[in-house]
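Enquirer: here are the coordinates; sequence isn't available:
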């Protein structure tokens, strides 16, 4: 592995290690803010390491520590939002997170590249230190532990405004057709719909009524497995695109790096519009029809992202290719935003201490996809062609993802039919 590969992989390794531990420790300690502060401190430390980096191993160490900090920060961020907001608002709140994440993705390379050209690694490290220090101050001064807010709201203190309680989560929409019955909706529904939470989370029930749950148990739970698969596939297809699309543009159209970047900038611009729209549509669907509609929405996005890949793979002009990539970007967010919201739906309804562990699984899926799929795409591209690479990987991943995501609605539909049949016969 070359030096660039080592530096790149170090970030993923650090993130995977932290991702496996952060969710479990946060749920067990019932604390979010401490880990958020820790992530900010690690970010400052990473910047300082880069500032004094004169050898390759220090650059690798910088990326390793930065990967740990990013994993902790992302896991706590998503878990914090899901702790506080009900299902009928979770989509739009997650969309806000992704909007700012997209802004960072767009501005980061530009600012970092300019700082490196002007001041070298010292300029990049200064940005890292400054941003992490701002995060640290914000967490220390303004941020409360989201679990404390959640507990206070549960006893009638610090409630959300009335407008933000509409829909109130999975329990509040249980009577509306299509809700996620896996999460112990009510005693009245328990005979007709066995709760996934009750069957999966065995033992460990505490006096608070919440249950402890292991990370491995969550992975094999359908309400969680579908969103995890969605995050893995969306991230994986994006990394595949970033790996082979520049090669395609150069070999097919002989475009310069500056021209090639236009496609990615257009995709980023599309995301700024589609992310809030995706969150809003999800909230409307959940409020009217129940959380199960998130899974249908994800499945539709999977179909859309494969259509976008077909357009990109078969395009003969740059304009058509850019259109395909814009559709690809929109479909990617239509997969990820409801997936990240679905974790909160399930854990809030099942009343288990596993919120951060769910988002750890999402981060692990993202990290594994980023590490595993680019080498596969590069190997297929070298042996075959761009269309073969894109369509073969896309077909396999999209088919698998749609199957896993739709497994929960299919099972619930079958259970509803059995319940109806049994009631008619009785």
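Expert: Received, thanks. For clarity, every value in this text was computed on a predicted model and none was experimentally measured. Numbering: from 1, shown residues only.
Enquirer: got a list of what residue 282 touches?
Expert: With contact taken as C-beta atoms under 8 Å, 6 or more residues apart in numbering, residue 282 is in contact with 90-92, 294, 297, 337-338, 341. Placement of C-beta: from N, CA and C, glycine included.
Enquirer: Could you say which helix or strand holds it?
Expert: Residue 282 belongs to helix 257-289 when assigned by DSSP states H and E.
Enquirer: Check which helices and strands the next helix or strand along the chain from that helix sits against.
Expert: Counting by DSSP H and E, the element after helix 257-289 in chain order, helix or strand, is helix 293-314. Applying 3 or more C-beta pairs under 8 Å, 6 or more residues apart in numbering; DSSP states H and E, one finds that helix 293-314 contacts helix 222-253, helix 257-289, helix 318-350, helix 386-425.
Enquirer: Tell me which of those helices sits most buried.
Expert: helix 318-350 (a mean of 24; mean count of other C-beta atoms under 10 Å).
Enquirer: who's in contact with the closest residue to residue 336 other than its chain neighbours?
Expert: Nearest residue to residue 336, sequence neighbours excluded (C-beta to C-beta, 6 or more residues apart in numbering): residue 234, at 5.0 Å. By C-beta under 8 Å, 6+ apart, the contact set of residue 234 is 305, 332, 335-336, 339.
Enquirer: quick one: residue 234 and residue 339, what's the gap?
Expert: Per C-beta to C-beta, to the nearest Å, residue 234 is found 8 Å from residue 339.
Enquirer: List the buried residues for stretch 36-54?
Expert: 36-51, 53 (16 or more other C-beta atoms under 10 Å).
Enquirer: Those residues in strands, which ones?
Expert: In strands, judged by DSSP state E, none of the buried residues of stretch 36-54 are found.
Enquirer: What pLDDT is listed against the closest residue to residue 270 other than its chain neighbours?
Expert: Computed as C-beta to C-beta, 6+ apart, the closest residue to residue 270 that is not its neighbour in sequence is residue 326, at 4.5 Å. The confidence metric pLDDT takes the value 88 at residue 326.
Enquirer: Same check on residue 207?
Expert: Confidence score, pLDDT, at residue 207: 38.
Enquirer: and if you look at residue 8?
Expert: Value for residue 8, per-residue pLDDT: 69.
Enquirer: can you start the count at 13 instead of 1 from here on
Expert: Sure, I'll start numbering at 13, so the last one becomes residue 20.
Enquirer: now do the same end-to-end measure for stretch 229-236.
Expert: Terminal residues of stretch 229-236 are spaced 10 Å apart (C-alpha to C-alpha, to the nearest Å).
Enquirer: per-residue confidence averaged over that stretch?
Expert: 84.
Enquirer: Run the chain-centre distance for it.
Expert: 16 Å (C-alpha atoms, centre = their mean, to the nearest Å).
Enquirer: Tell me what angle the helix holding residue 294 forms with helix 305-326.
Expert: Taking axes from the mean of the first three to the mean of the last three C-alpha atoms, to 10 degrees, one finds that helix 269-301 is oriented at 160 degrees with respect to helix 305-326.
Enquirer: Report the contact partners of the closest residue to residue 373 other than its chain neighbours.
Expert: Nearest non-adjacent residue to residue 373, counting by C-beta to C-beta, 6+ apart: residue 240, 5.2 Å away. Taking C-beta under 8 Å, 6+ apart, we find residue 240 in contact with 231, 351, 373-374, 377.
Enquirer: Out of these, the closest to residue 324 would be?
Expert: residue 351 (22.5 Å; C-beta to C-beta).
Enquirer: tell me the two of the contacts of residue 240 that are most distant?
Expert: Across the contacts of residue 240 (C-beta to C-beta), the longest gap, 14.2 Å, separates 231 and 351.
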